[in-house]
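> just need the structure, nothing else, for what follows:
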Amino acid sequence: MTELTLKISESTGVSNGNESEVYLFPMSYAQQRLWFLHCLSPQSAQYNVAGKLNIEGRLNESVLETTFKYLTVRYEVLRTNFKVVDDEISQIIFSRAEVDFQKCDLSDVDEARRETILAEKINETITQPFDLENDRLLRIRLFENSENSQILIVVMHHIICDGWSLMLLIDELSRCYEAFSKGEDPNLPELTIQYGDYAVWQRESRQTVKFQQNFEYWQNQFSEQPPRLDLPFKNLKTGKLSIAGKRNSIEISSALFDRINEYCRQNQLTLNMFLQAAYSLLIYQYSGQKEFVIGLPFANRTKKEIENQVGFFVNLLPLKIDLTGNPTIKKTTQRIKQTVLEAVEHQDIPFEKLIEWLGIERNLNEIPLIDVVFDYQNSIPATKSFNRIIAGIEQLSTNTAKFDLTLFLENEGNKIKGYFEYFSDLFEDRLIEQAGKHFVSILSKLIEDEGGKLSNFTILSEAEERELVSAMSGERGAWTVVRSLTAEIIKRSEE
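Here you go, the predicted structure:
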C-alpha cells in the first residue's frame, strides 16, 4: 500500500464477509471502461479470461489450494472488488480474502457420459458472469477425470488481468506448487508496487511534459477521423448487436515462415510489422478504403516495476493506416512500419482517455474509433511442470467477441498459428474462412511483388480468378460464395 491509500470506514458499506481491513484506490482508466461495459451487460461473459491446464497425473489438492492462497496474498488485485464510493467508482482492496477454489470429482461418472458432462461444466465455469462488487474475481475449478487425469480451469475478469497476467500466474502457480510440495518457500521476484499504485501513477503522469507530447502526437494523428470500416457484413450494424462470437483457425506453414523471417531480416522489419502490413492490405482489399484504423494491443509494461505484476495493463493503440497515393507494396510495408514505431513511442496515453480528450463520439453498439484489431504474440508455453507432473496449457474461448474482426497470431515452433475472432451476427462463416486463405496469400505476395503498385495488388488466387471469369461469362453453377465475395472485393477496390 502507498501513502495515498485511504482506509475505508465501515460506513461505506463495503465488506467481503470477514473482518479484514479494506482500502480504496482509484480505478485505472482501462478498468473504468470495463466497469461501464459491465454495468451495461452485467450478465455477460464477454470479458472473462480463461485458461485450461490438462494435467497428466494427480496434483495434491491441498498444496494447490495453498498455492492459490499464497498468490492471492501476493497480488492485491486478486482480492479486489469494484464499487461506487462517495460518487466515485473505486478499487476496493481487502487485506484478506477467501479463494474461490472448488473441486469436482467426475471419476465415478460413466465414461461414455463423462466427456459431455465435463464439457458442460467447463463451459459453465468460464461463461458464468462475475459480480464485480461482490464476487472473487479469480475463479478456480479442479475437475477429477480419473485417478491420473485432472483438468484445472482458471478464470478471471479482464478488469483484474490481461493475457500477460494469465501466463504469469500460471508460471508462478507452477513454481509455488513445486516449492510447497517440497516444504520450501517460493523464490519469486520481489514486488515493489501493486496495481493500485499503477492506477495512482497513471493520474499523476498526466502532469508530465512527456505525457503532453504523447497526447499532441495522437491529437495530430486524429485531427481528421477516418470513417468507420465498411466491410462485407451480412447484417447492418443497427440496434444493439449480439456479442456472440466465433473463431476460425489459420496457419502459416514453416516454409512460408522461413521466407517471411528472411525478408524481415533483409528489410529491417519485425515479424509483427510484416504481419501487420499483411493484415492492413487484407482490410484494404475487403473494404476498398485506403484510410482506416486498426487496433494494436500493446503490453504497456514499459516500467520494470510492473513486468512481474498481475493486472489490467494492456493498452489499445489505434494505428491510423494510410494507403493513399498508390504506393508500391514495399513502400506500403515501410509506411506501416513507421506507423507502428510512432504508435509504440507514444503508447503511454490510455486509449480510454484518448477517446475522451479527442471528443470522439461514443456509441453503445461499438468500441469508439476501432472496428478491427491485430494481436500478435510470441509463443505461449505449451506445457508447465508441477513438481514433475506435466500440464498442457490452453486458452479458452467464451464464444464471444469484442470487436467486429480480430486476427490473433502467435509463434508455435517454426510456424505461426492463430485465428480470426468475429461477431457471428456480422459475418458469414465462409467469408471469414476465405479471408484466412487470402491473408496467407497476401503474405507471399508481399515478398514476391514488393515493386508492384497498390492499385495492381490483388488477393485473388489463380483459381478464384478463373472462377470469377466463369461467373461473369454465365457458366452454369458458377455463383458460389467465393465468386460473389471476390466480385464484391473487386468492385470496392475499383471504387
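> count of neighbours near Thr80?
27 (other Cβ atoms under 10 Å). All C-beta atoms are positioned from the backbone trio N, CA, C, and that covers glycine.
> how confident was the prediction at it?
We have a pLDDT of 97 for Thr80.
> so that it lines up with my notes, have the first residue be 399 from now on.
Taking 399 as the first residue, the last one we looked at is Thr478.
> please verify my assumption that it contacts Gln489.
Yes. Using Cβ atoms under 8 Å, Thr478 is in contact with Gln489, at 5.2 Å.
> common neighbours of these two, please.
Counting by Cβ atoms under 8 Å, 6 or more residues apart in numbering, the contacts common to Thr478 and Gln489 are Tyr593, Gly594.
> what's the local residue count around Ile787?
Ile787, neighbours per other Cβ under 10 Å, totals 19.
> ok, Gln664 next?
Counted with other Cβ under 10 Å, Gln664 comes out at 9.
> now swap in the one 10 residues further on and tell me
Look at Gln674: counted by other Cβ under 10 Å, it has 24 neighbours.
> pull the contacting residues for it.
Ile692, Leu694, Leu717, Ile734, Val738, Phe772, Tyr774.
> and if you look at Ile538?
Here Ile538 is in contact with Phe466, Val497, Asp498, Phe499, Gln500, Leu550, Ile551, Val552, Val553 (Cβ under 8 Å, 6+ apart).
> who does it form a beta bridge with?
Per DSSP bridges, the residues bridged to Ile538 are Phe499, Val552.
> list the buried residues of the host helix or strand of Lys835.
Assessed by DSSP states H and E, Lys835 sits inside helix 827-846. Neighbour counts over helix 827-846 (16 or more other Cβ atoms under 10 Å) mark 829-834, 836-837, 839-841, 843-845 as buried.
> with pLDDT and distance to Ala448 as added columns, please give the residues you listed in CSV.
Output for the buried residues of helix 827-846, formatted as CSV (pLDDT from 0 to 100; distance: Cβ to Cβ, whole Å):
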residue, pLDDT, distance to Ala448
Leu829, 94, 27
Ile830, 96, 22
Glu831, 95, 25
Gln832, 93, 29
Ala833, 95, 26
Gly834, 96, 24
His836, 95, 30
Phe837, 97, 26
Ser839, 94, 33
Ile840, 96, 31
Leu841, 96, 30
Lys843, 93, 37
Leu844, 94, 34
Ile845, 94, 37
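> pull the most distant pair out of those residues.
By the measure Cβ to Cβ, Leu829 and Ile845 form the most distant pair in these, at 25.6 Å.
> tell me how many other residues surround the residue nearest to Phe631 when sequence neighbours are not counted.
Distances taken as Cβ to Cβ, 6 or more residues apart in numbering place Leu824 nearest to Phe631, at 4.9 Å, with adjacent residues excluded. Around Leu824 there are 22 other residues, counting by other Cβ under 10 Å.
> from the contacts of Gln674, which land in strands?
Among the contacts of Gln674, the members falling in strands are Ile692, Leu694, Leu717, Phe772, Tyr774 (criterion: DSSP state E).
> ok, the second one to Val712 distance?
Meaning Leu694. 10 Å (Cβ to Cβ, to the nearest Å).
> for the fourth one, same thing?
Phe772 is 14 Å from Val712, where distance means Cβ to Cβ.
> who has more neighbours, these two?
Phe772 (22 against 19).
> which strand residues bridge that one?
On the basis of DSSP bridges, Phe772 is bridged to Leu805.
> so it touches Ile681, yeah?
No. With contact defined as Cβ under 8 Å, Phe772 does not count as touching Ile681 (9.1 Å).
> overlap of the contact sets of these two?
Common neighbours of Phe772 and Ile681 (Cβ under 8 Å, 6+ apart) are Ile692.
> quick one: the helices in the stretch 449-598 of the chain?
459-472, 509-525, 561-579, 593-602 (DSSP state H, counting those that start in this stretch).
> name the helices or strands packed onto the shortest one?
Right, helix 593-602. strand 420-424, strand 486-492 (3 or more Cβ pairs under 8 Å, 6 or more residues apart in numbering; DSSP states H and E).
> which one of those lies closest to Asp583?
Closest among the helices and strands packed on helix 593-602, once you apply Cβ to Cβ, is strand 486-492, at 23.6 Å.
> for stretch 771-778, buried residues please.
So stretch 771-778, judged by 16+ other Cβ under 10 Å, has buried residues Val771, Phe772, Asp773, Tyr774, Gln775, Ile778.
> check stretch 512-519 too.
For stretch 512-519, the neighbour count (16+ other Cβ under 10 Å) marks Arg512, Leu516, Lys519 as buried.
> equivalent analysis for stretch 551-569, please.
551-568.
> try stretch 750-765
Glu750, Lys751, Leu752, Ile753, Leu756, Ile765.
> and what of stretch 530-548?
Leu530, Arg534, Leu535, Leu536, Arg537, Ile538, Arg539, Leu540, Phe541, Glu542, Asn543, Gln548.
> likewise for stretch 423-442?
Result for stretch 423-442 [16+ other Cβ under 10 Å]: buried residues 423-433, 435-436, 442.
> ok, residues contacting it?
So stretch 423-442 is in contact with 402-403, 444-445, 480, 486-489, 491, 527, 529-530, 555-557, 593-594, 596-598, 600-601, 641, 709-713, 748-751, 762, 798, going by Cβ under 8 Å, 6+ apart.
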